[in-house]
Every structure is written in structure tokens, then in C-alpha cells.
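Enquirer: Provided below are the primary sequence and the corresponding predicted coordinates.
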Amino acid sequence: MMRDEVFPSKYLKAADLKGKPRIVKIESARYEPLKGLDGKENQKIVLCFENVPKSLPLNVTNFDAVCDATGFPDTEDWPGQQIELYPTKTTMGGKTVDCIRIRPPSRSRPAAAPPSPPPPPVGEMNDEIPW
């Protein structure tokens with residue numbers, strides 16, 4: 001069994017994103033007591049998303065990222081807004097660890113076709129071998 005199967009978490013982890021960004025819609029932003037790594041209880045904003053079973057507690061970096069992504073500094077305005085979660089790395093306690101970061105949703109655009117090569121000038125020989 002994998003570690004996450006033995007010790008399931010109710011909170012999103014970078015591994016839950018399976019290496020890919022994911023656009024989510026915020027359902028609620030609740031202020032909840034959570035225990036930190038030091039065992040002390042702190043109040044944090046916890047985001048719940050539509051059709052996502054796990055929630056995401058916010059650190060200061062991700063709180064500011066939600067403000068930037070939604071355009072709203074007040075958590076009361078966040079429900080109904082879309083954000084993009086993406087996996088990356090950060091340094092914590094001198095170690096590089098996986099984490100989730102937040103940005104505005106990317107809008108996929110079809111890639112533009114590369115421009116066609118210009119035709120050879122008239123009267124010039126084309127020395128290219130066509131194979």
C-alpha cells in the first residue's frame with residue numbers, strides 16, 4: 001500500500017494534482033482552527049472547491065495568490081471564483097518539498113501555425129535535395 005492510502009488526508013497535497021495544473025471553482029473560504037507542525041493551533045483560511053473532495057488550507061503566499069487571481073482581497077468575495085492550482089516545489093526547513101501554488105486560470109489558446117518559409121527568389125537555383 002502507498003503512504004497516502006494508509007494515511008489519507010482531508011487536505012489537498014501536491015501529489016493529488018498528479019503533476020498537472022487544475023482549474024477549480026471556490027465553493028467557500030472558511031476560517032478554521034488547524035494544528036501546525038509545532039502542534040499549536042492556528043486559525044487559517046481553508047478553501048473548499050466544487051466537485052473536489054479535499055480542501056486546501058492557505059498559507060500567506062497562497063492567500064495573496066488567491067487575492068491576485070480573483071481580484072478580490074476579501075475572502076467573502078471568493079466563492080464562485082475560479083483559480084488554478086498547480087504543483088511546484090518550495091523550500092521549508094532547509095529542504096525542498098512539493099507544494100501547491102495558485103494563479104489565475106490559464107486560458108488555453110491554440111498554438112499559431114509556424115509561418116511558411118519564403119519561396120526561393122526567381123532565377124536562383126535551389127540546391128536542396130528533396131529527401
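Expert: Everything's here; your move. Numbering: from 1, shown residues only.
Enquirer: send the alpha carbons of the helix or strand bottoming out on mean pLDDT in the chain over as PDB?
Expert: Using mean pLDDT, DSSP states H and E, the weakest-scoring helix or strand in the chain turns out to be helix 3-6, at a mean of 79. The C-alpha trace of helix 3-6 is given here as PDB (Å, rounded to 0.1, in the frame of the first residue of the first chain):
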ATOM      1  CA  ARG A   3       1.500   6.000   2.200                       C
ATOM      2  CA  ASP A   4      -1.500   8.100   1.100                       C
ATOM      3  CA  GLU A   5      -3.600   5.000   1.200                       C
ATOM      4  CA  VAL A   6      -2.600   4.100   4.700                       C
END
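Enquirer: what helices and strands are in contact with the lengthiest strand in the chain?
Expert: In the chain, taking DSSP state E as the definition, the longest strand is strand 22-35. Here strand 22-35 touches strand 41-49, strand 82-92, going by 3 or more CB pairs under 8 Å, 6 or more residues apart in numbering; DSSP states H and E. (Each C-beta comes from the backbone N, C-alpha and C, glycine too.)
Enquirer: burial count for the nearest residue to residue 9 once chain neighbours are set aside?
Expert: Nearest non-adjacent residue to residue 9, counting by CB to CB, 6 or more residues apart in numbering: residue 54, 7.1 Å away. Using other CB atoms under 10 Å, residue 54 has 13 neighbouring residues.
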